[in-house]
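1. This is the structure alone, sequence omitted:
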């Protein structure tokens, strides 16, 4: 069992930055691929970014490429999302998700993931 807790959300002006964290319980954090999803009001939850178990590979949605950076610290059981040049359309609840090791899976598909956090609100004002 893995518990995920997001933090770091808040209100920021357009063009600003925020850093989200996702803290995981348990001793097997490095066994999980990790991802961030987000859900804006009235919209479906969407994939944002993903990172491999050892942090050597990352994937990004086109909408955040070049602005967001995903990282992880397996020694601290924590994943991060650095968000720069924020736009009002980035406003959403951001969720972290964990997938126990498999050789390959579809990282952008919500139903692939084993565990989810409760989410943290990010609001970007224009």
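-> Structure received. Computed from a predicted model, the values in this text were never measured in an experiment. Numbers count the residues shown, from 1 in each chain.
2. mind checking how far the most centrally placed residue in the chain is from residue 19?
-> Here the mean C-alpha position of the chain is nearest to the C-alpha of residue 36 (Cα atoms, centre = their mean), at a distance of 2.1 Å. With distances defined as Cβ to Cβ, to the nearest Å, the gap from residue 36 to residue 19 amounts to 12 Å. (Each C-beta comes from the backbone N, C-alpha and C, glycine too.)
3. Leaving out chain neighbours, which residue sits closest to residue 3?
-> On the basis of Cβ to Cβ, 6 or more residues apart in numbering, the spatially nearest residue to residue 3 that is not a chain neighbour turns out to be residue 25, at 4.2 Å.
4. Report the secondary structure state of residue 44.
-> What DSSP: H, G, I helix; E, B strand; the rest coil gives for residue 44 is coil.
5. Quick check, pLDDT for residue 80.
-> The predicted local distance difference test score for residue 80 is 98.
6. In a helix, it, correct?
-> No - membership of residue 80 in a helix is not supported by three-state DSSP, which gives strand.
7. Residues in a beta bridge with it, which ones?
-> Legend: beta-bridge partners of residue 80 under DSSP bridges are residue 21, residue 71.
8. Could you double-check that the residue nearest to residue 3 lies in contact with residue 78?
-> No - counting by Cβ atoms under 8 Å, residue 25 sits too far from residue 78 to count as a contact (11.0 Å).
9. contacting residues around the residue nearest to residue 3?
-> 1-4, 77 (Cβ atoms under 8 Å, 6 or more residues apart in numbering).
10. where's it relative to residue 57, distance?
-> Residue 25 is 24 Å from residue 57, where distance means Cβ to Cβ.
11. Tell me, how many residues neighbour the closest residue to residue 113 other than its chain neighbours?
-> Using Cβ to Cβ, 6+ apart and skipping residues adjacent in sequence, the residue nearest residue 113 is residue 97, 4.0 Å away. A total of 24 residues lie near residue 97 under the criterion other Cβ atoms under 10 Å.
12. Pretty sure residue 50 sits against residue 58.
-> Yes - using Cβ under 8 Å, residue 50 is in contact with residue 58, at 6.9 Å.
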